[in-house]
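# what's the 3D shape of this:
(2 chains)
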2 protein chains.
Amino acid sequence: MAAASPSTSSPPEEGNSAAAAADDAAQQQQKKKKRKVVASAGETFTSLRGFKLVRVLNDNPRQKVVFLHAKWSGEAKSGGDGGDGERKDGEEEVEEEEGRDAVVILEKTPFRESQLPGLLSVDTELQGDLQNDIYGTYTARPPPGSSEMKATVICPATPLHLLKYTHREAFLIEETASDYRSTTLPFLQTSNFSLQWVYNILDKKAEVERVVFEDPDPETGFVLLPDLKWDQKQTNELYLIAICHKRGLKSLRDLTGEHLPLLQNILTKTQAAVLDRYGLAACRLRCYLHYQPSYYHLHVHVTHVGSEAPGGGVERAHLLGHVLRALAADPQHYALGTLTYALREGDGLLQAFQKAGRIPQ
Amino acid sequence: MAAASPSTSSPPEEGNSAAAAADDAAQQQQKKKKRKVVASAGETFTSLRGFKLVRVLNDNPRQKVVFLHAKWSGEAKSGGDGGDGERKDGEEEVEEEEGRDAVVILEKTPFRESQLPGLLSVDTELQGDLQNDIYGTYTARPPPGSSEMKATVICPATPLHLLKYTHREAFLIEETASDYRSTTLPFLQTSNFSLQWVYNILDKKAEVERVVFEDPDPETGFVLLPDLKWDQKQTNELYLIAICHKRGLKSLRDLTGEHLPLLQNILTKTQAAVLDRYGLAACRLRCYLHYQPSYYHLHVHVTHVGSEAPGGGVERAHLLGHVLRALAADPQHYALGTLTYALREGDGLLQAFQKAGRIPQ
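Numbers count the residues shown, from 1 in each chain, chains lettered A, B, ... in the order given. This is a model prediction of the structure:
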């Protein structure tokens, strides 16, 4: 999701509608439960003492992140040899026998340049794994103090938090125009995803100070602002979102030849605005739409072409330049054609396709 | 590259033609130099003592990998407090004043399930970074012994090794059919990339035992085998390559309506072979071509749709199902259309586009 969910609750994966829905629902459920757990919401832990592994929810070995379901028994925190936290006045007793549900996310940290001289030293022991000519691979044991990780703790966690971070199998959908009419569109219409946060941006009721560029034209205009996933520190990680002013365009599926002026305007003016603001030429930008998108108001993702964009995979992203050429050649290309995308277990749309017999149950 | 370069010399990035060429050239240069450095080629290090940082060649914070240019001074290894390596008889003196060039690649390791109970303990200290309601993020200091890394050392490294691992800026090319004829094709024809290793596979002179499936038809047949990037341990990381028997088809650009039977045959029989061998249904597979490919003999990538495939980004991958539909609608779609892809600094093809004035120098 572009500008809705707080970074602390976003897994380092591309969003999708189910995850976004789970997140929303989890936040709502959290609000309802707040009074009950208020004493421990806001708890700051000083160690992982008292957390007991239930199971691994998900593992991303490429990014060195692991998502864990743990039980936290509050008692263990007070007293003992490791904790400097004392029991607060008014802290609730833990009701569950085995402790409270928690999600613990552990992630190895990137290398910092300042650490490198310390790592390149006798203190980093090497144990040879493989040697071939000038190439050698080793298991390295770095000196203490260079092994920091990032930990995220969600405690107490609801069942929806656990669902959100659990690995879910992916399935490729080949959605024909007929599938869209009979399965996808009815699903979207009953799902009632709220677009209020998008309208707040377009109406200048929120995130006004973050806007990079705006063309106010109601038919071809748009608002350009940084995606929340980008910290705006390095332009080589640039990630902006262009949100069109026109309402009612849900996704790529709704685009026909009549939208060429809108799409061309977004491309041209975004390229100019990025050159002006960040000094990056058009050939340094990857502009694309998602299908399925994570929210159903037309928007374009703008990322640095040298970055690895989450959601930039061929099964989800459609280059804006390609969309322009396809619609120029056939105004009904997206209205009538087949579109391929992946859905994950637990996604309501996948269940709709399974019910329709288009994907094995 | 699918099945050519040794894994020890491959960076954890998608390959491209320039990197492959640099690798080949580096290997050839290495062979020429071998006699000179034979004493230290094959050296096994016991620590990173004696390596001095020159500069960071590249950094991938998402994957927690850093590529370093270091100078290795052999003297430091013998004697001292940390080394148990003794100077070998006949070892050469280091000729360079500051030591030999080396590439050192440091990569954090994925979490192992067996480590997790040890990490969830009082021994993992937390320092709070941010607390919002039930969400908290921390800097975690895990207990000693859980901070292993993977280290790869290439020593002595040639200038081409350094080039191979150096970060290079990316540029997006919008290649028209005219660009292909005037710039790309002439570049490919003068580059003389060798396809001998592909022909060795097709002719059963190499990797025979790795073949998963073969259709021997000279027009529509192909060989299906695991990509070297896949260790064949987990089907959720499945990565196969289907290489067509027909010669002379360089890439997507050469495909027209007459190749529909070949492409359909590859798709259908690959899906059947993967279901038979690995138990994965068609809706679990992502089948795509690269443009530009890393070698110019037509091949199709077959990956698990749940995996993050290197080279699966929208600026390089073309879903086989989409290619089939595009050619059925317009047999000249790829011969006459515009194709978008990214090239990196130092790539000969990028230089050709810069010379042609199509990309800013």
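
# where does pLDDT dip in the stretch 1-150 of chain A?
For the stretch 1-150 of chain A, the stretches with pLDDT under 70 are A:1-42, A:75-97.

# hmm, try it at 50
Confidence mapping of the stretch 1-150 of chain A against pLDDT under 50 gives the ranges A:1-40, A:76-95.

# tell me the helices in it, going along the chain?
A:17-37, A:116-119 (DSSP state H, counting those that start in this stretch).

# just checking, what packs against the shortest one?
For helix A:116-119, the packing partners by 3 or more CB pairs under 8 Å, 6 or more residues apart in numbering or on different chains; DSSP states H and E come out as strand B:51-60. Bear in mind the C-beta positions are built from the backbone N, C-alpha and C, glycine included.

# so who does residue A:113 touch?
When contacts are counted by CB atoms under 8 Å, 6 or more residues apart in numbering or on different chains, residue A:113 touches residue B:56.

# any idea how far residue A:258 lies from residue A:332?
11 Å (CB to CB, to the nearest Å).

# er, residue A:157 actually
Residue A:157 is 46 Å from residue A:332, by CB to CB.

# more neighbours, those two?
Just comparing residue A:157 and residue A:332: by other CB atoms under 10 Å in any protein chain shown the higher neighbour count belongs to residue A:157, 23 against 12.

# was I right about the more buried one contacting residue B:134?
Yes: in this structure, residue A:157 is within contact of residue B:134 by CB atoms under 8 Å, at 7.3 Å.

# three-state assignment of residue A:236?
Following DSSP: H, G, I helix; E, B strand; the rest coil, we place residue A:236 in the helix state.

# so what's it up against?
A:304, A:306-307.

# residue B:266 versus that one, what's the distance?
The value you get for residue A:236 to residue B:266, if CB to CB is used, is 37 Å.

# check residue A:186 too.
35 Å.

# and these two? Which one has more around it.
Taking neighbours as other CB under 10 Å, residue A:186 and residue B:266 compare with residue B:266 leading, 26 against 12.

# hmm, the more buried one is touching residue B:321, no?
No: using CB under 8 Å, residue B:266 is not in contact with residue B:321; the gap is 11.5 Å.

# all strands for the stretch 151-300 of chain A, in order.
A:170-175, A:213-215, A:222-226, A:239-244, A:285-290, A:299-304 (DSSP state E, counting those that start in this stretch).

# out of these, nearest to residue A:163?
Nearest of the strands of the stretch 151-300 of chain A to residue A:163, taken as CB to CB: strand A:170-175 at 15.7 Å.

# wait, residue A:313 sits on residue B:311?
No: assessed by CB under 8 Å, residue A:313 is found out of contact with residue B:311, at 10.2 Å.

# where in the stretch 201-350 of chain A is pLDDT low?
Checking the stretch 201-350 of chain A against pLDDT under 50 turns up nothing.

# got the residue ranges for the helices in it?
According to DSSP H, counting those that start in this stretch, the helices that the stretch 201-350 of chain A contains are A:260-278, A:320-329, A:333-336, A:348-355.

# show me the one of the ones you listed that comes nearest residue A:164.
Once the helices of the stretch 201-350 of chain A are compared by CB to CB, helix A:348-355 is nearest, at 14.2 Å.

# Provide the contact partners of that closest one at residue level.
A:17-18, A:21, A:171, A:173, A:179, A:183-184, A:186-187, A:191, A:292, A:343-344, A:359-361.

# now, which of these lie close to chain B?
Counting by CB under 8 Å from any CB of the partner chain, A:171, A:173, A:359-360 from the contacts of helix A:348-355 sit close to chain B.

# what sits against the closest residue in space to residue A:291 that isn't next to it in sequence?
Counting by CB to CB, 6 or more residues apart in numbering or on different chains, residue A:291 lies nearest to residue A:252, which is 4.4 Å off, once chain neighbours are set aside. With contact taken as CB under 8 Å, 6+ apart, residue A:252 is in contact with A:289, A:291, A:293, A:318, A:323, A:334, A:339.

# show me what contacts residue A:144?
Residue A:144 neighbours (CB under 8 Å, 6+ apart): B:144, B:147.

# and the gap between the closest residue to residue A:307 other than its chain neighbours and residue A:211?
Excluding its sequence neighbours, the residue lying closest to residue A:307 (CB to CB, 6+ apart) is residue A:237, at 5.3 Å. Applying CB to CB, the value for residue A:237 to residue A:211 is 20 Å.

# which of the two has more neighbours?
More neighbours surround residue A:237 than the other of residue A:237 and residue A:211, with 18 against 13 (other CB under 10 Å).

# surely the more buried one touches residue A:230?
Yes: under the criterion of CB under 8 Å, residue A:237 makes contact with residue A:230 at 6.0 Å.

# can you tell me which residues in the stretch 201-350 of chain A are near chain B?
A:281-286, A:288, A:305-306, A:308-309, A:312-319, A:321-322, A:325, A:329-330, A:337-338, A:340, A:342.

# can you pull the contacts of the residue nearest to residue A:307?
With CB under 8 Å, 6+ apart, residue A:237 has these contacts: A:230-231, A:304, A:307.

# now that we have the residues you listed, which one has the most neighbours?
residue A:304 (23 neighbours).

# leaving out sequence neighbours, find the closest residue to that one.
Using CB to CB, 6+ apart, the closest residue to residue A:304 is residue A:238 (4.3 Å).

# same thing with residue A:149?
In space, residue A:149 is closest to residue B:140, 4.4 Å off (CB to CB, 6+ apart).

# test my guess that the one you found contacts residue A:147.
No: using CB under 8 Å, residue B:140 makes no contact with residue A:147, being 9.3 Å away.

# identify the bridge partners of residue A:127.
As for beta bridges, residue A:127 partners with residue A:139 under DSSP bridges.

# now for it, how many residues are close by?
14.

# separation between it and residue B:44?
Distance, residue A:127 to residue B:44, by CB to CB: 10 Å.

# over to residue A:306?
According to CB to CB, residue A:306 stands 35 Å off from residue B:44.
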